[in-house]
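Chemist: Sequence and computational prediction follow.
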Amino acid sequence: MRLGGARQGRHSGDKISATQWGTMAKSSAKTVFECSSCGRTTPKWVGRCSQCGEWNTVEQRVAFNARSKPGLGRAVSASEPLPLVELAEIPTDGTTHMATGIEELDRVLGGGFIAGSTMLLAGDPGIGKSTLLLQAAAAIAETGRKVLYTTGEEALEQIRIRASRLGVKGGGVFMASTGDAVEIAAHMAALKPAVVIVDSIQTATHPDLDSPAGTVSQIRECAAFLSERARLSHVALVLSGHVTKDGSIAGPRVLEHQVDAVVQMGGDPGGTLRVLHAVKNRFGPTDEVGVFEMCGEGLVGVSDPSRMFMRQRSNRAGAVAGSAVALIVEGTRSLAVEVQALATPSTLASPRRVANGVEMSRVHLITAVLAKHLRLPVSSHDLVISVTGGLDIKEPAADLAIALAIASSMTDRPVDETVAVAGEIGLAGELRPIPRADRRVAEAARLGFLTCLVPDVAGDASGQASGAASGAGRSVTVIRATGIAEAVKFALRPGSGRPGRAESGAVPETVSKVEIRSS
Ligand code: TYD
Ligand code: MG
């Protein structure tokens, strides 16, 4: 049942002409000045915000009248509220995923783009955003849908050259070299595409604003304006934006709450691996990762990332101290990644801590545990930790690998190369249970590791691991340790040149051994 059912256009996709969009956008807007730091608005520009005291943070923005906001698509008088709609009556037909055909991208999005939603593809300049979006545009066009690709950054000839390099035919992909949000909305209304790509939101401008492209106010208004149109026209809107992992460059982090999904593109600096993960996703998972390799022909999906990560490791001659293999689970996929640590004596009063790919809070916890329970002098060492392949690990299950890599670097004893590990570390130095241990063990088995070191926790049935490992068709020995001390004792080789623990076959009494053999 609908109350005031005649005006339910917000949910049903009103079709509004290009000229209407332009006039509505201009007529209903009023200019105000807003502090990009605290959000205080003033009718006039001031050099210093009177609320937060920051200098040069006040920028012009367009304030749409809430009642006549063009996005709402109709004139509503102040006395007439918006119609109520019963929850069960709200149509959901727009929320089916539109597969791009690029498997690694679809995995991260939860199946593909969603009509009517807005997605931000964020990443450093040059990481490959435009390349991925062009490939996605072409892939969608191949399924018979129209794609509007607008660019405010590059000349159309440049994109044509890139398309030839990518082997993209480009039928069904309509290009516009503009960053004008009203023009883009007009093209959207005229072409009626399934997907609109705006590359990039930093180059988009709204004609009602005087501030230059790339300012917080332009970014925010353009994104709000285009998202509104995309929602009404049931078009999937994809914005690209230059945003670093910590959001420190420019201001597009302000976009995060405005869009439905934020997908961050990162990777190995200087390398060819590119990793996609969803920071926010209203219509899908946020724990999936997509892995690509940047080749001469553009981004190629990596279907077996573990092997790719391990390949870099096997290129090294012999075992080196400061490296451990973590078994992690990202969404539907189990991955083996290498964690590296370099500990060097520090001359600083407070030694440096650098962490790439792992959270600094975990590093602080782990170093404190190593100092307390293994009496390692971490507080007098500078520490650099990184995850190879450019992956960002959020899982605490990587704790054990981080701890082993640090302990290995500090003692100059390599971690046994045949061992892969997973385990969360508690404050008392104990190893805590990890979810999906069976899948991690199976991945280790598949990659040819001989031993898996996991927490010894009641209820973490070895039978689970056994089943998974036999499915992989290889055998792996699962070693269970209760604390970090036992784990270090077990996994670290006695020292460079001497036979490893695996060769000597010695297992400390404190760890229980479970043999798993494939059938
Ligand atoms: P680009 O997609 O332009 O990055 P962004 O839009 O994120 O700024 O990618 C630029 C880089 O990618 C550039 O350094 C060249 C490299 N590249 C390849 O290696 N192979 C290719 O096929 C393409 C198109 C780009
Ligand atoms: Mg680009």
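Modeler: Nice, thanks for sending it over. Ligands and ions are numbered 1, 2, ... in the order given.
Chemist: and the longest strand along the chain, which strands flank it?
Modeler: Longest among the strand segments of the chain by residue count, using DSSP state E, is strand 333-345. Using DSSP bridges, the strands paired with strand 333-345 are strand 323-330 (antiparallel), strand 381-387 (antiparallel).
Chemist: Go through those strands and name the closest to ligand 1.
Modeler: Proximity to ligand 1, assessed across those by CB to the nearest ligand atom, is greatest for strand 381-387 (21.3 Å). In short, each C-beta sits where N, CA and C put it, glycine included.
Chemist: Now find how far off-centre that closest one is within its chain.
Modeler: Mean C-alpha position of strand 381-387 versus that of the full chain (CA atoms, centre = their mean, to the nearest Å) differs by 22 Å.
Chemist: going on from it, what's the next piece of helix or strand?
Modeler: Going down the chain from strand 381-387, the next helix or strand is helix 399-411, by DSSP states H and E.
Chemist: could you give me the average pLDDT of that following helix?
Modeler: If you average the pLDDT over helix 399-411, you get 96.
Chemist: Give me the helices and strands touching the following helix or strand past it, please.
Modeler: Using DSSP H and E, the helix or strand that follows helix 399-411 towards the C-terminus is strand 419-421. Where contact means 3 or more CB pairs under 8 Å, 6 or more residues apart in numbering; DSSP states H and E, strand 419-421 is packed against strand 323-330, helix 399-411, strand 451-455, helix 484-491.
Chemist: at 7 Å what do you get?
Modeler: Under the contact criterion of 3 or more CB pairs under 7 Å, 6 or more residues apart in numbering; DSSP states H and E, strand 419-421 touches strand 323-330, helix 399-411, strand 451-455.
Chemist: Save the strands paired with strand 333-345 as TSV, and put in mean neighbour count and distance to Ala407 too.
Modeler: Formatted as TSV, the strands paired with strand 333-345 follow (neighbours: other CB atoms under 10 Å; distance: least, CB to CB, whole Å):
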stretch	mean neighbour count	distance to Ala407
strand 323-330	26	9
strand 381-387	20	12
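Chemist: TSV for those, including mean pLDDT and distance to ligand 1?
Modeler: Below are these laid out as TSV (pLDDT from 0 to 100; distance: least, CB to the nearest ligand atom, whole Å):
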stretch	mean pLDDT	distance to ligand 1
strand 323-330	94	22
strand 381-387	94	21
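Chemist: pLDDT weak spots in this structure?
Modeler: Applying pLDDT under 70 to the chain flags the ranges 1-30, 37-38, 62-79, 93-95, 244-253, 269, 315, 317, 458-474, 495-519.
Chemist: Show me where it has its helices.
Modeler: 9-12, 18-27, 103-109, 129-142, 156-166, 181-191, 216-233, 305-314, 360-373, 399-411, 437-446, 462-471, 484-491, 501-504 (DSSP state H).
Chemist: Quick check: residues of this protein near ligand 1?
Modeler: Within the chain, the positions adjacent to ligand 1 are 123, 125-131, 162, 165-166, 294, 296-298 by CB under 6 Å from any ligand atom.
Chemist: before we move on, the earlier item: figure out which of the helices and strands packed on strand 419-421 is closest to Glu486.
Modeler: strand 451-455 (9.3 Å; CB to CB).
Chemist: Just give the closest residue to the residue of the stretch 151-300 of the chain at minimum distance from ligand 1, not the sequence neighbours.
Modeler: With CB to the nearest ligand atom as the measure, Gly298 is the residue of the stretch 151-300 of the chain nearest to ligand 1, at 4.0 Å. Of all residues not flanking Gly298 in the chain, Leu166 sits nearest, at 4.1 Å (CB to CB, 6 or more residues apart in numbering).
Chemist: got the contact list for that neighbour?
Modeler: Residues near Leu166 by CB atoms under 7 Å, 6 or more residues apart in numbering: 134-135, 297-298.
Chemist: ok so, going back, hmm, which of the residues of the chain next to ligand 1 are the buried ones?
Modeler: Among these, those scoring as buried are 123, 127-131, 162, 166, 294, 298 (criterion: 16 or more other CB atoms under 10 Å).
Chemist: hang on, the earlier thing: farthest pair within the contacts of Leu166?
Modeler: The two members of those with the most space between them (CB to CB) are Leu134 and Glu297, at 12.1 Å.
Chemist: Break the protein into its domains for me.
Modeler: Residue ranges for the domains of the chain, per automatic domain parsing: 6-66, 96-303, 308-518.
Chemist: how about those domains, which one is nearest Leu82?
Modeler: Taking those one by one with CB to CB, domain 6-66 is closest: 7.5 Å.
Chemist: which ones are touching the residue nearest to Asp399 when sequence neighbours are not counted?
Modeler: Nearest residue to Asp399, sequence neighbours excluded (CB to CB, 6+ apart): Ile425, at 4.2 Å. Remark: with contacts taken as CB under 7 Å, 6+ apart, Ile425 is in contact with 366, 369, 399-400, 403, 431, 484.
Chemist: mind putting those in TSV, distance to Val457 and neighbour count included?
Modeler: Converted to TSV, the contacts of Ile425 look like this (distance: CB to CB, whole Å; neighbours: other CB atoms under 10 Å):
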residue	distance to Val457	neighbour count
Ile366	19	26
Val369	17	23
Asp399	14	28
Leu400	13	30
Ala403	17	32
Leu431	8	26
Ile484	14	26
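Chemist: closest to ligand 1 among those?
Modeler: Comparing these against ligand 1 with CB to the nearest ligand atom places Asp399 closest, at 32.4 Å.
Chemist: my guess is the closest one meets Val363, correct?
Modeler: No: between Asp399 and Val363 there is no contact under CB atoms under 7 Å: 9.6 Å.
Chemist: Now the common contact residues for those two.
Modeler: Shared contacts of Asp399 and Val363 (CB under 7 Å, 6+ apart): none.
Chemist: Can you give me the distance of Glu256 to Arg220?
Modeler: Relative to Arg220, Glu256 is positioned 11 Å away (CB to CB, to the nearest Å).
Chemist: before we move on, what about Val58?
Modeler: 14 Å.
Chemist: that older thread, redo the helices and strands packed on strand 419-421 as TSV? Include distance to Arg352.
Modeler: Formatted as TSV, the helices and strands packed on strand 419-421 follow (distance: least, CB to CB, whole Å):
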stretch	distance to Arg352
strand 323-330	20
helix 399-411	14
strand 451-455	29
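Chemist: Give the burial count for the residue in the stretch 401-519 of the chain that ligand 1 sits nearest to, as a bare number.
Modeler: Going by CB to the nearest ligand atom, ligand 1 is nearest to Leu447 of the stretch 401-519 of the chain, at 27.7 Å. Leu447 has 21 neighbouring residues, counting by other CB atoms under 10 Å.
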